[in-house]
Every structure is written in structure tokens, then in C-alpha cells.
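> 3D, please:
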Amino acid sequence: MPAAIISIGNELTSGLTVNTNATWLSAQLATCGVTVACHVTIGDDRAAISDAIRRTAQRCDVVIVSGGLGPTLDDVTRQALADVLGEPLVEDPAALANLEQFFKKINRPMAPSNRVQALRPASAACLENHCGTAPGLRARLGNSEIFIIPGVPREMRAMFSGQVAPELAAHSGGRVTLTAKLNTFGAGESWIGEQIADLMRRGAVPSVGTTVHDGVVSIRIYAEGEKQPAEKLLRDTSAIVRQRLGALVFSEDDDTLQLAVYQLMVQQKLTVATAESCTGGLLAEFLTDVPGSGNVFAGGFVVYTNTRKREDLDVPAEMLMRHGAVSEAVALALATGAQHRTGADFGIGVTGIAGPEAVEGKPVGLVWIAIADKHEARAHAHHFSGERAAVRQRAAQMALARLRWKLLGLPAPPGA
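The predicted structure follows:
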């Protein structure tokens, strides 16, 4: 069943609000066996909303409209639906009773303007809102089922999951579209693509593709069909990807690299401290993004200047003069200094040139990352491209990745 998602609101068309509803709905529709053909975003304009509903209903079996069901003058979705159906709005007694009960429950008087939320086109049915005031609507136009649901994310999700999804799943014939996402860091998208090129060829089943966001290359797998065969196809293909990419794969779905590191450190009961120059505390920020990070993060030093390197972590002045701040020797000194000062199991040192200009005759993007434990310390040079912010972010991420590989007892994987 092809579907269209129509999102309503001036805040969306103006860019003031990110349209997370459409993303969520697309993923949920796939699990119901419904393929999304298009996303449409419309401002709070009655004629434009009517036109969008009419056009998408002509080509799609399902139209999901999100937003514009509130009590204010700019909430015109129900009126737009009535225009498309060529019907008057009528008051729904059950919807009105639910509205009145909602306000009674929270011990507040219902404003007269809220009564408009109990209106529906004559042939439409109301969908009960268990989280707010605005009922949803369900109508039929030609061969298309139209569902109007709230734009407030919490209300939208509850109404879709409780009342829309079961209807759609019942008519899908048992077919589903299942997805998996494997996240990697350390190798470029082109290298990743070469390793799984046969899985990504046009027409391959299941469908496999890659996306990149903030340096993380994600492999997305889409399996369609009956639920059990699709689940097996997803598992088998995920296993092939993991086997080929090895330790580059750090998580599934939306789990972060820092969460993967945190989980390994908790399992092994280990701690880490950081000493950062070019990243300016970004690595420490990543580590402390994870709730409970106090169990593994022993502390951090931001030693941006040579003075701080000398005074805070005892980096010898002669070493700085001889090798420069951006060097293997200094990275090792930072890592061991952080480890010794805090008593952590690991110390990480990061020093590099984020830009915009070269320093000490060394190019922008050169970053040394060192990891020290109680027995040894090793450093690796990296060359990151991009503007200053990108270099800093990639450096902090690579420091996390290298710590993860060390925790796994593995060398840096091919491609890294």
C-alpha cells in the first residue's frame, strides 16, 4: 500500500521546527507493510491543505495528515478535509463529551474555542485522543483511506500506534518492511561501500545502502515480505555486514559510539581520563554525554597552551621545544600524565592542528592520539579533512574508537 505523509504547520515550512513526526511515521508505516511514496509539508493554509489531500489521495491508498487540529484560528485541517469531501462540519457528541471530560479531569474550564475540536466532516469518524484534547479524524476519499492525527509528537505517536497502525497492519496481507541500521566509525564511506558492494547492487534483496552523518557511516538494510522470512533475511544480511566490517561496526540503530565505549568499560570495570589540546574538552563531553558516566570517567584536562601542558601534566619544556606541541612525544606525555594524575586505568592524549592555519610547519588536520595504560602507551597520527569543527569532532570520535578497539583487544581494523 503506497502512502503519503502530509505535515501541517508554518513552523515546519519556515524551518523553525524540525519535522521529526514524518521521520517517525515513515518508520512505523514500514512495519505495517505500507510504503511511503512521498512527504509533503504545507503551511497553515486551508486551500493548500485541501489541494495536498486531494492530490495525494489520487495516487496513494493511505494518506496520513499530521497537525492543524487545535482550537485556534490557524488550525484549519478539519475544515480543509471537509472541503475535499464536499461536506459540512458536524458536531460529534462523543468527541464533545471526551473534550468536556478532559477539562473536568484537569479541573479547568473548557474555553469556547475548544468546542471546534469536536467538529468533523459528516462522513468522517473521530479518533479518540488519550493524551490531549484534539480528536483525530478518519475519512475515505475514492480508494484512499485518510487519517488526520495531531501534530504534537506525544499525541501523534499514541494515536497512530493505538488506532491507525492496527488498521493498516490488518489490511497489509501480513507483509512488512523491516529495517536495520549498523553504525561504523573509522573508515570512509567509499571503503565501506567496496566491502559490501555486492550487497548494495541495484535489485539486491534485501536492499542495502549507506548514509553518513558526522563522520559515522551507517549501513541500512531493508527487508520486505512476510514477517518471519523478512526477519531472517535481516539477521542474515546484518551478520554478513558485521563479518566483513569487523570492529568498525560499533552499534545498531541509534546507539552512539560513546555509549558503546561506556558499556565496554562498565563490563570490564575500567576507568579513563583525558588530556586534550586541539579538541578543547570535546572528548570529555562525549564521554560524559552518557548517563552514569561517573562510573568510568575519572576526569579530564584541557591543556590548550604549552603552559598548561607543562604545569598541569608535567610535559617537559624541552620536549615541547624539540618536537612541538603536535607530536607523537607530546601525545604520549599527555596520555600518561592524565593516567598518572587521576589513577585511571587509561589515559587518552589528543593534540593536533584544527585550523584554519598550519602550525609548526605541520598541516591542518594532523592529530596525534595516544592511549596509555599502566603498562604501555602508544600514539597514532591521523589526518582529518574539513573545517575546524569537523577536525575537532573527528579527532574526539577517533579517540573513542581507538579506546574501544583497545578494550576489545583488537588492532585498528582495515580501512581505519
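> which parts of the stretch 1-150 of the chain are strands?
In the stretch 1-150 of the chain, the strands defined using DSSP state E, counting those that start in this stretch lie at 2-8, 35-42, 62-66, 89-91, 119-121, 125-127, 136-141, 144-149.
> closest one to W191 among these?
Among the strands of the stretch 1-150 of the chain, the nearest to W191 by C-beta to C-beta is strand 35-42 (30.8 Å). C-betas here are computed from N, CA, C, even on glycine.
> what sits closest to the spatially most central residue of the chain if chain neighbours are left out?
Centroid-nearest residue in the chain, with C-alpha atoms, centre = their mean: D254, separated by 5.6 Å. Closest residue in space to D254, ignoring its immediate chain neighbours: K181 at 7.6 Å, by C-beta to C-beta, 6 or more residues apart in numbering.
> sheet-wise, list the partners of the helix or strand the one you found falls within with their directions.
K181 is part of strand 175-184 when elements are defined by DSSP states H and E. Neighbouring strands of strand 175-184 in its sheet, by DSSP bridges, are strand 216-226 (antiparallel), strand 249-252 (antiparallel).
> give me the angle between the longest one and strand 35-42.
An angle of 120 degrees separates the directions of strand 216-226 and strand 35-42 when computed by axes from the mean of the first three to the mean of the last three C-alpha atoms, to 10 degrees.
> on that earlier part again, going by mean pLDDT, which of the strands paired with strand 175-184 comes out lowest?
Lowest mean pLDDT of the strands paired with strand 175-184: strand 216-226, a mean of 92.
> ok, back up a step: need the next SSE after the strand holding K181, C-terminal direction.
Later in the chain than strand 175-184, the nearest helix or strand by DSSP H and E is helix 189-195.
> what's that following helix packed up against?
If you count contacts as 3 or more C-beta pairs under 8 Å, 6 or more residues apart in numbering; DSSP states H and E, helix 189-195 packs onto strand 207-213, strand 216-226, helix 227-245.
> hey, C-alpha coordinates of stretch 291-298 in CSV?
This file holds the C-alpha atoms of stretch 291-298, laid out as CSV (Å, rounded to 0.1, in the frame of the first residue of the first chain):
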residue,chain,number,x,y,z
PRO,A,291,24.2,8.8,31.9
GLY,A,292,26.2,7.0,34.6
SER,A,293,29.5,8.1,33.0
GLY,A,294,30.8,8.9,36.5
ASN,A,295,31.4,5.2,36.9
VAL,A,296,34.0,5.3,34.1
PHE,A,297,35.2,8.8,33.6
ALA,A,298,38.0,9.7,36.1
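> how distant is it from the center of its chain?
The chain centroid and the centroid of stretch 291-298 are separated by 23 Å under C-alpha atoms, centre = their mean, to the nearest Å.
> ok, now stretch 286-306?
On C-alpha atoms, centre = their mean, the centre of stretch 286-306 falls 23 Å from that of its chain.
> and the end-to-end length of that stretch?
Its first and final residues considered, stretch 286-306 spans 24 Å by C-alpha to C-alpha, to the nearest Å.
> cool, and stretch 40-48?
Span of stretch 40-48 from end to end, C-alpha to C-alpha: 11 Å.
> with distance to Q258 and mean neighbour count as added columns, please give the strands paired with strand 175-184 in JSON lines.
Putting the strands paired with strand 175-184 into JSON lines (distance: least, C-beta to C-beta, whole Å; neighbours: other C-beta atoms under 10 Å) gives the following:
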{"stretch": "strand 216-226", "distance to Q258": "11", "mean neighbour count": "19"}
{"stretch": "strand 249-252", "distance to Q258": "10", "mean neighbour count": "20"}
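> Q339 is nearest to which of those strands?
strand 249-252 (23.4 Å).
> only alpha carbons, please: show the closest one as PDB.
Output of strand 249-252 as PDB, limited to C-alpha atoms (Å, rounded to 0.1, in the frame of the first residue of the first chain):
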ATOM      1  CA  VAL A 249      30.800  -1.700  13.500                       C
ATOM      2  CA  PHE A 250      30.200  -0.200  16.900                       C
ATOM      3  CA  SER A 251      26.400  -0.300  17.300                       C
ATOM      4  CA  GLU A 252      22.900  -0.800  15.900                       C
END
